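[1] test case, fold it:
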Amino acid sequence: MALAAIVLAAATSAPSPAPVVPDGTYRYETRIGGRTAGRSTIVVRHEGNVVTVRESATLAGASLVSERTIDASSFATISYAVDYLGTHAVVSILGNDATVIQGETTLKISAPPGAPFVVSDNMVAGFAQIPATLHASGEKQLTLACLCGGGFIPVPVKATAARPGVVTISVQDLAATLTFDPRSYALRRFELPAQQLTIALVSYDRQVVPLPQPVVPTPMPLPSANYQSRDVAIAADDGVTLAGTLTVPAAATQPVPGFVFVHGSGCIDRDETIGPNKVFAQLANRLSNDGYAVLRYDKRSCGKSGGTFAARDRLIADARDAIAFLRAQPGVDAKRIFVLGHSEGGELAPSIAIDDGKLRGIVLLAPPALPLDKILLQQIVAQAPPADRAAVEQKESADIAAIAAGKKPGASNAWLRSSFGIDPADLIARVPCPILIVQGGKDIQVLPTDLPRLVDAAKAAHRTVTVVTLDDDDHIFIKLPPNEPSTGGEYFTPATLDPALYAAIEDWLNVEAKLRP
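    Numbering: from 1, shown residues only. Model (predicted):
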């Protein structure tokens, strides 16, 4: 039964107003760039002065089950528990102070006075709580206890405009519009235009049903494996163990060339899992079937690898240790080792090659052509409405300068700072081995219009560089229809990589890997 029908019935048959966010089962769909990226079932139950909200959801290929308790009078969060990506986290809130326990980590975060907490996990229930919390508290600001970057951080939220049934909020300079029932404050629609994100209420039922288990889209099956695969432990030079997978052709009669894969940004596993798509798993399957050993590993602090979230130099050192591990493996030709880097990995690979001096070649997939601080500013400004871009650019430039000056703490800011000012064009000019660059023509994260800067620098320095642009490919090399742009929403639909990507790598290898034994 539709939510609107319930509210209308309450208005005509009952003298008292409907409770804030009535009991029942709410089902939502999340879309990014017009594509379905997730679904959520939310169950609401009022018991005395406490509202319990439970959610079972999938988003971007990940599943989440959460439970939050809310004060029925202020609609501020009291407590929150979540199981997300294999991690259990608990948040206890008293007034404007929150205690977060996540794995072995305990931390405290605080909200400014008059800014009640709403816990956000980038799923639906947190967003659905916002209209009722603003209404019940009489405030125009909130604090999201946001599960971001591997931990909870406080994020200020301001209500910038409101009218019956609609409120506009600002979250880190991004404007979002929430449409809700003006009597019950139940969320009908959430829109974040800068990220082409929409959350819409699909159905409502008064009955409180058992919460279903989330169903996550499964990756596309890999072709048959003509190779042996085993889990390995890579000892980093600082004592941390990196967990990885080594695949080696099964029928090799002589030492085979090998690849080490270097990930994109963020906490990324050995398969470079993005939504339901496993980019590195697909690449490793193809290359090992083609006769190459492939070593891929969970980034430090991610998956089964140890350590803490790392800055640039440490990521390069980890790749160096992975190369040494691969060179030492029986059946691998130590003189024919390649590095393949994707996105951030494409920026790191030239430095890895310069430091190593003996790599047979590097493959750069969607490599940045500008320093990270410039790309970050470029991406943030592009998300802002045209009328706001000048103001957003000024503010973000100040924020980036503060990060660069060490005025903003945290592991993520330390990682950003470690890459600020490093120019990929300067690095590629010093690479001592052959280079293959593959760029998607519809990439919205690393713009193809910036690529000539990188290529020109390599050619001016007389580097051996091959460039392939795949016109209809996005940032992770999913091929889109000719008339369809990339929005990022396509990342979350199971897909196979563009066969033209494999062809580009294989054609290059047929020349470069055979130049010497």
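
[2] tell me the helix or strand right after the helix or strand of the chain with the lowest mean pLDDT.
    When each helix and strand of the chain is scored by mean pLDDT, DSSP states H and E, helix 3-13 comes last, with a mean of 32. Sequence order places strand 24-32 as the next helix or strand after helix 3-13, per DSSP states H and E.

[3] name the nearest residue to Pro368, sequence neighbours excluded.
    For Pro368, ignoring the flanking residues on the chain, the nearest one in space by CB to CB, 6 or more residues apart in numbering is Glu347 at 4.8 Å. Heads up, the C-betas are built off the backbone N, CA and C, glycines and all.

[4] tell me the pLDDT of that neighbour.
    What the model reports as pLDDT for Glu347 is 97.

[5] what do you get for the one 3 residues further on?
    pLDDT, the model's per-residue confidence, is 97 for Pro350.

[6] any idea how far the residue lying closest to Ala252 once chain neighbours are set aside lies from Ala176?
    Nearest residue to Ala252 in three dimensions, chain neighbours excluded: Gly331, at 6.1 Å (CB to CB, 6+ apart). Between Gly331 and Ala176 the computed distance is 54 Å (CB to CB, to the nearest Å).

[7] those two: which is more packed in?
    A count of neighbours by other CB atoms under 10 Å puts Ala176 above the other of Gly331 and Ala176, at 21 against 14.

[8] one step back: who does the helix or strand hosting the residue nearest to Pro368 touch, helix- and strand-wise?
    According to DSSP H and E, Glu347 maps onto helix 344-356. The elements that helix 344-356 packs onto, with contact taken as 3 or more CB pairs under 8 Å, 6 or more residues apart in numbering; DSSP states H and E, are strand 256-262, helix 312-327, strand 332-342, strand 361-365, helix 424-428.

[9] give me the number of residues near the spatially closest residue to His46 that is not a sequence neighbour?
    Spatial nearest neighbour of His46, chain neighbours left out: Asp23 (5.7 Å); criterion: CB to CB, 6+ apart. Asp23 has 15 neighbouring residues, counting by other CB under 10 Å.

[10] is it true that Asp23 touches Val208?
    Yes. Counting by CB atoms under 8 Å, Asp23 does reach Val208; the two are 5.9 Å apart.

[11] name the residues contacting each of these two.
    44-45 (CB atoms under 8 Å, 6 or more residues apart in numbering).

[12] give me the number of residues near Ile428?
    With other CB under 10 Å as criterion, Ile428 counts 31.

[13] quick one, what contacts it?
    350, 435, 454, 457-458, 461, 463, 465.

[14] ok, now how distant is the residue nearest to His46 from Ala72?
    12 Å.

[15] next: Asp355.
    In terms of CB to CB, Asp355 sits 59 Å off from Ala72.

[16] who's more crowded, the two?
    Ala72 (17 against 13).

[17] what's the mean pLDDT across stretch 168-183?
    88.

[18] show me what counts as buried in it.
    169, 171, 174-176, 178-181, 183 (16 or more other CB atoms under 10 Å).

[19] Ala132 sits in which helix or strand?
    Counting by DSSP H and E, Ala132 is found in helix 125-137.

[20] pull the CA atoms of that helix into PDB?
    The C-alpha trace of helix 125-137 is given here as PDB (Å, rounded to 0.1, in the frame of the first residue of the first chain):
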ATOM      1  CA  ALA A 125      18.100   4.800   6.900                       C
ATOM      2  CA  GLY A 126      20.400   7.600   7.900                       C
ATOM      3  CA  PHE A 127      19.100   9.800   5.100                       C
ATOM      4  CA  ALA A 128      15.500   8.800   5.900                       C
ATOM      5  CA  GLN A 129      16.000  10.000   9.500                       C
ATOM      6  CA  ILE A 130      17.000  13.600   8.600                       C
ATOM      7  CA  PRO A 131      13.600  15.200   8.000                       C
ATOM      8  CA  ALA A 132      12.100  13.900  11.200                       C
ATOM      9  CA  THR A 133      15.200  14.900  13.200                       C
ATOM     10  CA  LEU A 134      15.200  18.400  11.900                       C
ATOM     11  CA  HIS A 135      11.500  18.700  12.600                       C
ATOM     12  CA  ALA A 136      11.600  17.200  16.100                       C
ATOM     13  CA  SER A 137      14.700  19.100  17.300                       C
END
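
[21] who touches it?
    Contact with helix 125-137 is made by 20-21, 26, 28, 40, 42, 53, 55, 57, 66, 68, 70, 73-77, 116, 118-120, 139-140, 142, 144, 157, 159, 162, 167, 169, 178, 180, 185-187, 190, 199, as judged by CB under 8 Å, 6+ apart.

[22] take those residues and keep only those in helices.
    Counting by DSSP state H, no part of the contacts of helix 125-137 is found in helices.

[23] which ones are touching the closest residue in space to Arg430 that isn't next to it in sequence?
    Closest residue in space to Arg430, ignoring its immediate chain neighbours: Ile354 at 5.2 Å, by CB to CB, 6+ apart. Contacts here follow CB under 8 Å, 6+ apart; on that basis Ile354 touches 427, 430-432.

[24] how much space separates Asn122 from Glu347?
    From Asn122 to Glu347 the distance is 26 Å (CB to CB).

[25] which one of the two has more residues nearby?
    Counted by other CB under 10 Å, Asn122 and Glu347 do not tie: Glu347 has more neighbours, with 29 against 19.

[26] so what's that one up against?
    341, 367-368, 372, 419, 422, 424, 427.

[27] now the phi/psi pair for the closest residue to Asn285 other than its chain neighbours, please.
    Spatial nearest neighbour of Asn285, excluding adjacent residues (CB to CB, 6+ apart): Leu222 at 4.6 Å. Dihedral pair for Leu222: phi -80, psi 150, per degrees, to the nearest 10.

[28] separation between Leu222 and Lys278?
    Taken as CB to CB, the span from Leu222 to Lys278 is 8 Å.

[29] my read: Thr168 touches Val157, true?
    No. Taking CB under 8 Å as the definition, Thr168 is not a contact partner of Val157, at 11.0 Å.

[30] intersection of neighbour lists for those two?
    Common neighbours of Thr168 and Val157 (CB under 8 Å, 6+ apart) do not exist.

[31] what angle do the helix holding Glu347 and strand 256-262 make?
    120 degrees (axes from the mean of the first three to the mean of the last three CA atoms, to 10 degrees).

[32] please save the CA atoms from helix 344-356 in PDB.
    In PDB, the C-alpha atoms belonging to helix 344-356 read as follows (Å, rounded to 0.1, in the frame of the first residue of the first chain):
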ATOM      1  CA  GLU A 344      46.300   5.900  -8.500                       C
ATOM      2  CA  GLY A 345      48.300   2.800  -9.300                       C
ATOM      3  CA  GLY A 346      49.000   4.300 -12.800                       C
ATOM      4  CA  GLU A 347      50.500   7.300 -11.000                       C
ATOM      5  CA  LEU A 348      52.600   5.200  -8.700                       C
ATOM      6  CA  ALA A 349      53.900   2.800 -11.400                       C
ATOM      7  CA  PRO A 350      56.400   5.300 -13.000                       C
ATOM      8  CA  SER A 351      58.000   5.900  -9.600                       C
ATOM      9  CA  ILE A 352      58.100   2.200  -9.000                       C
ATOM     10  CA  ALA A 353      59.900   1.700 -12.300                       C
ATOM     11  CA  ILE A 354      62.300   4.500 -11.600                       C
ATOM     12  CA  ASP A 355      63.200   3.100  -8.200                       C
ATOM     13  CA  ASP A 356      63.500  -0.500  -9.500                       C
END
